[in-house]
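Student: Sequence and predicted model, in that order:
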Amino acid sequence: MQLVLWDIDHTLIATRGVGREIFGECFEQVTGQEMKKQAAIDGMTEPVIFRETAKLHGIDSDRSMFEAFARCSGEQHLLRASELRERGHALPGAATALAAIAGLDDVVQTVVTGNIRPVAEIKLGTFGLDGHIRFPCGGYGEDDDERAELVRIAIRRTSQALNTPIAADDVLLIGDTPADVTAGLDNGVRVLAVGSGRSSTSELREAGATTVVAGLEDLDPLLQTLSRR
């Protein structure tokens, strides 16, 4: 059994600013302050982004504050799903890649994402990319601050769900940032890095990704990486 762990933002979809607007709305609702700037987000989990953004505004946040923020974020993504569909888009090749992997024997797909689970489900569902994803097996922002730990959580949940041990050699992580690459390497899993986000292919290659591609349109590198175990 092989396990494919997908990042979401800038790997499978682009929200084209809707996500940041929702973050700002919920930040203001929870903290009472307008969000004037946002902490760096690439490869970071939602709790870390919230906490660091709060610090930029002189706010000492706690877990209960983040949980209120997370509830708001889930509600707002649901309310603005049609706007997300109109302004955002699935990235080229994403649907085809998901379907191609689903057609392989003994391969399971889930997500490792800094998003909280309700938002992850809404984002992928909005663009019809949720059909092949086993969401209960994934690792999400509310589970841990560190992306490397989310990889371990996803592997453990998948092993438990399938009642089958999954070794690191059987896992492929797909993401668009050096943080994704590091999270995979920290767990000894293969990493396919996609240059569809803000990180260049050279940066992703320097981070140590097993395979680096410009996008998901060409399936050959993905399928070849999956075949190497």
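Tutor: It's in. Numbers count the residues shown, from 1 in each chain.
Student: Tell me where the model's unsure across the chain.
Tutor: 229 (pLDDT under 70).
Student: Got the domain ranges for it?
Tutor: As assigned by automatic domain parsing, the chain contains the domains 2-14+89-227, 18-86.
Student: Mean neighbour count added to the ones you listed, as TSV?
Tutor: C-beta: built from backbone N, CA, C; applies to glycine. Shown next, in TSV, are the domains of the chain (neighbours: other Cβ atoms under 10 Å):
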stretch	mean neighbour count
domain 2-14+89-227	20
domain 18-86	17
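Student: What are the boundaries of the helices in the chain?
Tutor: 18-31, 46-56, 63-79, 81-87, 94-102, 117-126, 147-162, 178-186, 201-207, 220-227 (DSSP state H).
Student: The first one versus helix 46-56: what angle between them?
Tutor: Pointing back at helix 18-31 there. Here helix 18-31 points in a direction 60 degrees away from that of helix 46-56 (axes from the mean of the first three to the mean of the last three Cα atoms, to 10 degrees).
Student: same thing with the fifth one?
Tutor: In this structure, helix 94-102 runs at an angle of 140 degrees to helix 46-56, with the same axes, to 10 degrees as the basis.
Student: so how far is helix 94-102 off the chain centroid?
Tutor: 16 Å (Cα atoms, centre = their mean, to the nearest Å).
Student: Check the first one too.
Tutor: A distance of 19 Å separates the centroid of the chain from that of helix 18-31, by Cα atoms, centre = their mean.
Student: Give me the residues contacting it.
Tutor: 9, 33-35, 38, 49-50, 53-54, 57, 59, 61, 65, 68-69, 72-73, 76-77, 80, 83-84, 87-88 (Cβ atoms under 8 Å, 6 or more residues apart in numbering).
Student: and what of stretch 215-225?
Tutor: 91-94, 96-97, 100-101, 172, 174, 190, 192, 194-196, 210-211, 213.
Student: what's the residue nearest to residue 98 when sequence neighbours are not counted in contact with, if anything?
Tutor: Closest residue to residue 98 apart from its sequence neighbours, by Cβ to Cβ, 6 or more residues apart in numbering: residue 132 at 4.8 Å. Contact partners of residue 132, counting by Cβ under 8 Å, 6+ apart, are 98, 99, 101, 102, 109.
Student: try residue 114
Tutor: 9, 41, 43, 44, 45, 46, 48, 49, 141, 147, 150.
Student: Correct me if wrong: the fourth one contacts residue 178.
Tutor: So that's residue 44. No: using Cβ atoms under 8 Å, residue 44 is not in contact with residue 178, being 11.6 Å away.
Student: Can you tell me how far residue 57 is from residue 112?
Tutor: 29 Å (Cβ to Cβ, to the nearest Å).
Student: and what of residue 174?
Tutor: 9 Å.
Student: Mind listing the shared neighbours of those two?
Tutor: 5, 6, 7.
Student: Keep only those of these that are in strands.
Tutor: 5, 6 (DSSP state E).
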